[in-house]
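A.B. asks: Test case, fold it:
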Amino acid sequence: MSTVNDGVLDRAFRQARTFNRFLANKPVSDATLQELYDLLKWGPTAVNCQPGRYLFIKSQEARARLLPAVAQGNQEKVNSAPVTAIVAIDPRFYEQLPLLIPVMPTAREMFSGNATAANDTAQLSGALQAGYLILAARLLGLDCGPMTGFEADKVNAEFFAKSGWRAMLLVNLGYGDPAGVYPRNPRLEFDAAARIL
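C.D. replies: Residues are numbered from 1 along each chain as shown. Next up is the predicted model:
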């Protein structure tokens, strides 16, 4: 039996929806974005590697730089969102491991000379962190519209040429307009998706 309030579970999962439009008169503050990061950062990642990196697009100038990389069908979604988070990974995440996992002094070397291990770890843990961002945003009262309909190479060239970060996902953030929600699609039942051994 859950000890978590039903309202919290509804907000995070059961009643949460993907929003395609957002209310224009409700901006998202910088303080809320800081709070969002300060919550999502606590989610577990492999060897505490935390490869996720986040660029929050708020200004019209930054949005204009992003839109050419966004699929035509997603441009209106980006335009209506107060914030679009570019969720990226840092392929050189292992440079931070001496700070992030001091109990493993050789953790950096596990990845610095093994590009396959570094890439696989960054992809998996970065995907986890993208999920944490969505859940943290919902728990803070924000609505989300995650999207993969964009050209990552263009985003990387425009925003991450110096850092080397690699874009994985766009997540529109704000306060959702209920008119921009599609009917809820079904989910698989337990027996179709899970086993207990």
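A.B. asks: Sheet partners, orientation included, of the longest strand anywhere in the chain?
C.D. replies: For the chain, the strand with the greatest residue count under DSSP state E is strand 166-174. Sheet pairing of strand 166-174 (DSSP bridges) gives strand 83-89 (antiparallel), strand 143-147 (antiparallel).
A.B. asks: Give me the below-cutoff pLDDT ranges for this structure.
C.D. replies: When residues are selected by pLDDT under 70, those of the chain lie in 1.
A.B. asks: ranges for the helices of it?
C.D. replies: 6-9, 30-40, 60-66, 72-80, 97-100, 107-112, 115-139, 152-159, 190-193 (DSSP state H).
A.B. asks: what does the longest one rub up against?
C.D. replies: Okay, so that is helix 115-139. Residues outside helix 115-139 that contact it (CB atoms under 8 Å, 6 or more residues apart in numbering): 8, 11-12, 16, 36, 39-40, 43-47, 49-52, 54, 85, 87-94, 110-112, 143-144, 146, 168-169, 171, 173. The C-beta positions use only the backbone N, C-alpha and C, and glycine is treated the same way.
A.B. asks: Check which residues of that helix are buried.
C.D. replies: Buried residues in helix 115-139, counting neighbours by 16 or more other CB atoms under 10 Å, are found at 118, 121-122, 125-130, 132-138.
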